[in-house]
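Visitor: Based on what follows, work out the 3D shape:
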Amino acid sequence: GATRDTHWLNLDALNMSFTGQSLQRAWHLVDASNQTVGRLATTIAPLLKGKHKPTYRPNGDCGDYVVIVNAEKVHFSGKKWQDKLYRWHTGYPGGLKQRTASEMLQRKPTDILKKAILGMISRNNLRHKYIENRLKIYVGPDHPHPSQLPINETTPLQNHPRKRTGDYHFGLND
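Guide: The predicted structure follows:
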């Protein structure tokens with residue numbers, strides 16, 4: 001058979017792997033007060049996967065650490081506090097349980113954000129072994145990671161227009 005001329009194909013560029021010090025993990029501090037749960041989760045999930053980095057690989061562990069404070073002050077739109085249900089099964093016959101979002105806020109306020117963020121990441125070994133461990137969610141403004149994070153600096157989140165706060169920007173005026 002004829003052999004193909006592949007001298008122009010740089011296989012090292014296709015099979016990049018970043019290990020050791022070339023893989024740098026940043027720490028992001030996010031204040032969840034008055035943030036909509038789904039919109040906040042869509043900005044945090046790519047940070048955990050590392051999609052914002054030029055060294056991103058779908059099969060590699062290259063994401064950052066994310067510390068979320070004030071998890072009990074999140075916001076749902078519409079009637080989701082009463083209508084949204086969190087369901088799980090205990091493993092026993094007839095063990096299907098459910099709670100509304102307002103009940104979850106009283107019992108486990110960190111689980112509302114955790115379920116929303118991890119629900120946006122595919123369920124595989126990369127998520128279970130690495131990504132879930134880098135998500136740190138805390139109730140209140142205090143957290144045990146002051147040495148990893150810059151002092152009084154939160155990760156700026158993209159502003160979303162909200163009708164009730166009047167934060168619309170139509171691009172007409174600067």
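
Visitor: And the helices in the protein, which stretches?
Guide: All helices of the chain, identified by DSSP state H, fall at 11-14, 37-49, 80-83, 101-107, 109-118, 125-126.

Visitor: so which of those helices gets nearest residue 134?
Guide: Closest approach to residue 134 among these is made by helix 37-49 (5.9 Å; CB to CB). Where C-beta positions appear, they are placed from N, C-alpha and C, glycine not excepted.

Visitor: how about stretch 132-151 as PDB, C-alpha atoms only?
Guide: In PDB, the C-alpha atoms belonging to stretch 132-151 read as follows (Å, rounded to 0.1, in the frame of the first residue of the first chain):
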ATOM      1  CA  GLU A 132     -16.700  18.000  42.700                       C
ATOM      2  CA  ASN A 133     -13.800  18.400  45.100                       C
ATOM      3  CA  ARG A 134     -12.900  21.800  43.800                       C
ATOM      4  CA  LEU A 135     -16.300  23.300  44.400                       C
ATOM      5  CA  LYS A 136     -16.600  24.900  47.900                       C
ATOM      6  CA  ILE A 137     -19.900  26.300  49.000                       C
ATOM      7  CA  TYR A 138     -20.500  28.100  52.300                       C
ATOM      8  CA  VAL A 139     -23.400  29.700  54.100                       C
ATOM      9  CA  GLY A 140     -22.500  33.300  55.200                       C
ATOM     10  CA  PRO A 141     -19.600  35.500  54.200                       C
ATOM     11  CA  ASP A 142     -16.900  33.500  56.000                       C
ATOM     12  CA  HIS A 143     -14.900  30.600  54.500                       C
ATOM     13  CA  PRO A 144     -11.800  28.700  55.600                       C
ATOM     14  CA  HIS A 145      -9.700  29.500  52.400                       C
ATOM     15  CA  PRO A 146      -8.300  33.000  53.100                       C
ATOM     16  CA  SER A 147      -4.700  32.000  52.300                       C
ATOM     17  CA  GLN A 148      -5.600  30.700  48.800                       C
ATOM     18  CA  LEU A 149      -7.700  33.700  47.800                       C
ATOM     19  CA  PRO A 150      -6.700  37.400  47.400                       C
ATOM     20  CA  ILE A 151      -8.000  39.600  50.200                       C
END
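
Visitor: Adding mean neighbour count and distance to residue 148 as columns, could you present the helices of the chain in CSV?
Guide: CSV is the format used below for the helices of the chain (neighbours: other CB atoms under 10 Å; distance: least, CB to CB, whole Å):
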stretch, mean neighbour count, distance to residue 148
helix 11-14, 7, 33
helix 37-49, 19, 15
helix 80-83, 13, 33
helix 101-107, 14, 28
helix 109-118, 19, 19
helix 125-126, 12, 22
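
Visitor: Quick one: closest of those helices to residue 144.
Guide: helix 109-118 (14.0 Å).
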